[in-house]
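Colleague: Here's a sequence, model it:
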Amino acid sequence: MVTSRYRILRSPARGGGKSQVTSLKSQVTSLKSEISEESFTDFLSALKSLDYTGYAEQYPPFGSWEDVSARRVNVRSVWLKSLKCSDETGLFVNIPFCKIRCRFCFLPVSAVGASGPARIESFRRFFSALERECSFFSPVFKKTKIPSVYIGGGTPSLMEPDEIKTFFNLLNRYFKIAPDAQIVLEIHPDDAGHDKISAFKSCGVNRICIGAQSLDKKVLSANYRRQRLDSVIKAYEACKECGINGINIDLICGLPGQNRKSFLTDLKNIAALRPDQLHLNTFINTPYTLHALAGGKGPDERLVESIRQEGFALLKNAGYIRIDSDSMGLTPDSRNIQTTDLWKKKSMLGLGPGAISHAFSSARHMNYVRWEDYERIVRRRISPVARAVFIGEREEMIYFALTKLTDELSLNLTEFKNIYGVSFKEAFKSQIKVLMKQGAYFVNDDFVLPSNMWCLVRQAFYQKKYLLKLREFSGKLFLEETKD
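Modeller: Purely as a prediction, here's the structure:
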């Protein structure tokens, strides 16, 4: 029997011409189900290294989004359509500044220092630009109550108490943030003085994400991470003293200079504090990291994942429960509802440079990434959206399936039908067939996977049109059909 496989190769030239695209389209259309799982894993891994959204999961995948910077997109119409069919909309604000850029960071942040005129002027300009973007979207959301706010970056905790007040006054001026909204803030451990935490608390912040990343002095030094070793503990205690009990601590597995013992020792020390939630993230050596730019190689992904799984087992033994694919918490409510609940009929409006938005059943879009470009565009009082993909309910149903089958290894049939009004069995007959051949099964009201099938799930559910766009986005990869 003749079978076909796809191998990932470096493209000899950007693009490839109409004939190559036509050939690829034919391959993807007729042979998608026959791509080996190993090759598809390599394909997704390579594309993931080009993704700088910082977001846990996107569908359609970021690489398939269109560059819309050269044409005017009526983003307000996109959101008006979405608000008619989504249950609620959260707010995400990206702060683009850090003291310095860490070696492992793939995000497009601007280093402004911890203090001084450069930092002050940067935030002054940012507040001015952010206000213009808020005023652009405000008419669309004038009747919408915002149940969640996430403030990330970058380093939001670089703001001083007076700037913190200015920032939240700005948001409240243009959006109706619910009195009981979950308001989450990312902080650098060294910034968590009592005065700052108190200022954030007085403005409504009720959940903190402490970006520890590592506690190992050698690892921190190798990654240009200026962080006092006792600052994580002090930050945790300051949050508790100010009455903020919802505390998440982030660690990264696979950092340059890190080994198994280092990571697990860090995790044990952090777990001893009993934070509400712990994220175990993976270092991805994208081309945008200082590590990659200096010629550094990425870690062994399989080894890193095995160490991370050891970490999750350690947390389970310590009484933590799984929240999603990257975190565990003390209770089911130990979570950032904005990201863990996006599989529901919920949207998220992103503000600031590089911010990601999800307008339910309408679009996903991303702002201009570079701070200077974002500022230039919003000065013209137009939307700073640079990339977008326009979607419908089919994409939302797929996103639901991807999220559930990844985080929980199961999907509830009644829950799916209550949200989308259709049967999961009817909507995804061919996908179910593929997964059942590999051991998936129905039990009671659930569709269950026998184990983690991250790649196979995506191979089954990704739509062909987006696979083609992923190839076009990379510009460095192409799929070559081979025959045995």
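Colleague: From the recorded domain assignment, give the ranges for this structure.
Modeller: Domain assignment for the chain by automatic domain parsing gives 4-56+393-483, 75-340.
Colleague: Do me a favour and average the pLDDT over the longest one.
Modeller: Averaged across domain 75-340, the pLDDT comes to 94.
Colleague: Which secondary structure elements does the longest helix seen in the chain sit against?
Modeller: For the chain, the helix with the greatest residue count under DSSP state H is helix 117-137. If you count contacts as 3 or more C-beta pairs under 8 Å, 6 or more residues apart in numbering; DSSP states H and E, helix 117-137 packs onto helix 75-83, strand 97-98, helix 161-174, strand 346-351, helix 371-378. All C-beta atoms are positioned from the backbone trio N, CA, C, and that covers glycine.
Colleague: Quick one: work out the angle between the helix or strand following the last one and strand 346-351.
Modeller: Beyond helix 371-378 on the C-terminal side, the first helix or strand identified by DSSP states H and E is strand 385-390. The directions of strand 385-390 and strand 346-351 differ by 160 degrees, with axes from the mean of the first three to the mean of the last three C-alpha atoms, to 10 degrees as the criterion.
Colleague: Mind listing the strands strand 385-390 pairs with, and their directions?
Modeller: strand 66-67 (antiparallel), strand 363-367 (antiparallel) (DSSP bridges).
Colleague: Can you flag the weakest of those strands by average pLDDT?
Modeller: strand 66-67 (a mean of 91).
Colleague: quick one: it to chain centroid distance?
Modeller: On the basis of C-alpha atoms, centre = their mean, to the nearest Å, strand 66-67 sits 19 Å off its chain's mean C-alpha point.
Colleague: now swap in stretch 431-440 and tell me
Modeller: Using C-alpha atoms, centre = their mean, the offset of stretch 431-440 from its chain centre is 28 Å.
Colleague: For Phe200, grab phi and psi.
Modeller: When read as degrees, to the nearest 10, the backbone of Phe200 gives phi -60, psi -40.
Colleague: circling back: okay, the helices and strands packed on helix 117-137 in TSV with distance to Cys203 and mean neighbour count next?
Modeller: Shown next, in TSV, are the helices and strands packed on helix 117-137 (distance: least, C-beta to C-beta, whole Å; neighbours: other C-beta atoms under 10 Å):
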stretch	distance to Cys203	mean neighbour count
helix 75-83	26	18
strand 97-98	19	21
helix 161-174	4	16
strand 346-351	16	23
helix 371-378	23	19
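Colleague: want to try TSV for the ones you listed, with distance to Lys143 as columns?
Modeller: Shown next, in TSV, are those (distance: least, C-beta to C-beta, whole Å):
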stretch	distance to Lys143
helix 75-83	9
strand 97-98	33
helix 161-174	13
strand 346-351	14
helix 371-378	24
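Colleague: Among those, single out whichever gets nearest to Gln227.
Modeller: Nearest to Gln227 among the helices and strands packed on helix 117-137 is strand 97-98 (12.1 Å), distances taken as C-beta to C-beta.
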